[in-house]
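**Student:** Need coordinates for the following:
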Amino acid sequence: MTDDPALPPDHSFHDDSGPSPVTAAFTASDGEIEASLRPKNLDDFIGQARVREQLQLVLRAAKMRGGTPDHILLSGPPGLGKTSMAMIIAAELGSSLRLTSGPALERAGDLAAMLSNLVEGDVLFIDEIHRIARPAEEMLYLAMEDFRVDVVVGKGPGATSIPLEVAPFTLVGATTRSGALTGPLRDRFGFTAHMDFYDTPELHRILQRSARLLGITLHEDASLEIAGRSRGTPRIANRLLRRVRDYADVRADGVVTREIAQAALEVYDVDPVGLDRLDRAVLGALVRSFGGGPVGVSTLAVAVGEEPATVEEVCEPFLVRAGMVARTPRGRVATQAAWFQLGLTPPPDAAAGGIEVRAREPQLETFDE
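**Tutor:** Reported below is the predicted structural model:
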């Protein structure tokens, strides 16, 4: 399993205004099933075998020595299990977990108040740690290294620095953009775990477990069908499972067969490789309107009626990973796979080697990169 299986509000029919079922972003309704679907220990956690092995060594060694583990950084795309892993770390240590997020720590005082309330052995989890404000980050350096913070009282020449001791704790940071962390902060983590996308068999096992916990009758082939459309992300797999269950309850007898799963995912515009409506719109604009590119992301976003950030952060990572879009210094380029996905015949220069050929051709748009 993974962290926070994101689920849109329950509904039985397609609603374009709601969140896409193949978006890994966390939504407000995630907490409804969070407790029941989260794994409780490392043995229950499906996938990420290398990370689990490494964490077991870190945690067991710390327990054998009777101390606190080194600070831990969990990095990787959204929806892969970082929050669940933080909860498991606290459970394996038998410690309390304190949760916050980078954007919530705007002032050093916010962090100082949280650190002063920690007891020895606590695990402090900071989600989106790359977004922590600079004053709070600088205070965090001292807390991570020396387990103390300096609180400044007053302003100007009369300001006084008061040192406060902090109980030994373990910081677990989660980030989707490890490159956005400053060097000094990244260097203070004793162990960094990078979480990778899941393969279809792992997602199949996750779906089988989730179906048991949710009381869903899910056929083996239906589980594989959903897993194959989940973009390698457990959060998306669990979301699609919930949407397929809606369809099965309303339009069938509640049993999820492969045929029911296919029909449900067609209603929700999720195709056999996991592309949704917006993904196909981006590919269509890139291929049909701009001849396969290169084209800047801002222009591409205008063509599909979305914000550039949505195209860049929601659609593009999967399209690039699926080998359908390539990023070049001149802009986005459609590969042969993109043309074939749309049922079109690619031009001779659309192969992998054709990207360099197109990048040298005169183009009107050379910005966005």
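
**Student:** residues near the residue nearest to residue 294 when sequence neighbours are not counted, how many?
**Tutor:** Spatial nearest neighbour of residue 294, chain neighbours left out: residue 331 (3.4 Å); criterion: CB to CB, 6 or more residues apart in numbering. From N, CA and C alone the C-beta is placed, and that goes for glycine too. By other CB atoms under 10 Å, 25 other residues sit near residue 331.

**Student:** Report how many residues lie close to the residue nearest to residue 144 when sequence neighbours are not counted.
**Tutor:** Spatially, and ignoring its direct neighbours in sequence, residue 144 is nearest to residue 188 (4.6 Å; CB to CB, 6+ apart). Per other CB under 10 Å, the neighbour tally for residue 188 reads 18.

**Student:** who's in contact with residue 188?
**Tutor:** If a contact means CB atoms under 8 Å, 6 or more residues apart in numbering, then residue 188 has 71, 141, 144-145 as its contacts.

**Student:** Determine which two of those are furthest apart.
**Tutor:** 71 and 141 (11.1 Å; CB to CB).

**Student:** Settle it for me: which of the two has more neighbours?
**Tutor:** residue 71 (20 against 15).

**Student:** the strands in the stretch 101-250 of the chain, which residues?
**Tutor:** Along the stretch 101-250 of the chain, counting by DSSP state E, counting those that start in this stretch, strands occupy 123-127, 148-153, 160-165, 170-175, 191-194.

**Student:** and those as TSV, adding distance to residue 347?
**Tutor:** Shown next, in TSV, are those (distance: least, CB to CB, whole Å):
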stretch	distance to residue 347
strand 123-127	44
strand 148-153	61
strand 160-165	66
strand 170-175	40
strand 191-194	37
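
**Student:** What pLDDT is listed against the residue nearest to residue 294?
**Tutor:** On pLDDT, residue 331 comes in at 85.

**Student:** Take the strands of the stretch 101-250 of the chain and write them to JSON lines, including mean pLDDT.
**Tutor:** Output for the strands of the stretch 101-250 of the chain, formatted as JSON lines (pLDDT from 0 to 100):
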{"stretch": "strand 123-127", "mean pLDDT": "93"}
{"stretch": "strand 148-153", "mean pLDDT": "72"}
{"stretch": "strand 160-165", "mean pLDDT": "74"}
{"stretch": "strand 170-175", "mean pLDDT": "92"}
{"stretch": "strand 191-194", "mean pLDDT": "92"}
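
**Student:** CSV for those strands, including distance to residue 249 and mean neighbour count?
**Tutor:** Formatted as CSV, those follow (distance: least, CB to CB, whole Å; neighbours: other CB atoms under 10 Å):
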stretch, distance to residue 249, mean neighbour count
strand 123-127, 33, 24
strand 148-153, 52, 14
strand 160-165, 55, 10
strand 170-175, 34, 26
strand 191-194, 38, 16
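
**Student:** Residue 57: which of those strands is closest?
**Tutor:** strand 191-194 (9.3 Å).

**Student:** rewinding a little: looks like the residue nearest to residue 294 contacts residue 298 (just checking).
**Tutor:** No - Residue 331 lies out of contact with residue 298 (CB atoms under 8 Å); the separation is 9.7 Å.

**Student:** Distance of residue 96 relative to residue 66?
**Tutor:** In this structure, residue 96 and residue 66 are 18 Å apart, going by CB to CB, to the nearest Å.

**Student:** How many neighbouring residues does residue 341 have?
**Tutor:** Residue 341: 21 surrounding residues under other CB under 10 Å.

**Student:** Also residue 134?
**Tutor:** 9.

**Student:** ok, it - contacts?
**Tutor:** Going by CB under 8 Å, 6+ apart, the list of residues near residue 134 is empty.

**Student:** Settle this for me: residue 314 is touching residue 278, isn't it.
**Tutor:** Yes - if you go by CB under 8 Å, residue 314 and residue 278 touch, sitting 7.1 Å apart.

**Student:** quick one, phi/psi of residue 106?
**Tutor:** Here is the backbone geometry of residue 106 (degrees, to the nearest 10): phi -80, psi -30.

**Student:** Backbone torsions only: list them for the residue nearest to residue 144.
**Tutor:** Taking degrees, to the nearest 10 as the convention, residue 188 sits at phi -90, psi 0.

**Student:** And the pLDDT for it?
**Tutor:** pLDDT, read off for residue 188, is 89.

**Student:** ditto for residue 231
**Tutor:** The model reports residue 231 with a pLDDT of 90.

**Student:** nearest to residue 45, of the strands of the stretch 101-250 of the chain?
**Tutor:** So among the strands of the stretch 101-250 of the chain, strand 191-194 is nearest, using CB to CB, at 12.1 Å.

**Student:** what sits against the nearest residue to residue 338 once chain neighbours are set aside?
**Tutor:** Counting by CB to CB, 6+ apart, residue 338 lies nearest to residue 324, which is 4.0 Å off, once chain neighbours are set aside. Residues counted as contacts of residue 324 (CB under 8 Å, 6+ apart) are 283, 334-335, 337-338, 341.

**Student:** And the residues you listed, which is closest to residue 251?
**Tutor:** Among the contacts of residue 324, residue 341 lies closest to residue 251 (CB to CB), at 28.0 Å.

**Student:** For the closest one, give me the backbone phi and psi.
**Tutor:** Backbone torsions of residue 341, given as degrees, to the nearest 10, read phi -60, psi -30.

**Student:** Skipping adjacent residues, who's closest to residue 54 in space?
**Tutor:** Spatial nearest neighbour of residue 54, chain neighbours left out: residue 193 (6.3 Å); criterion: CB to CB, 6+ apart.

**Student:** cool, and residue 131?
**Tutor:** residue 102 is the one closest to residue 131 (CB to CB, 6+ apart), at 3.7 Å.
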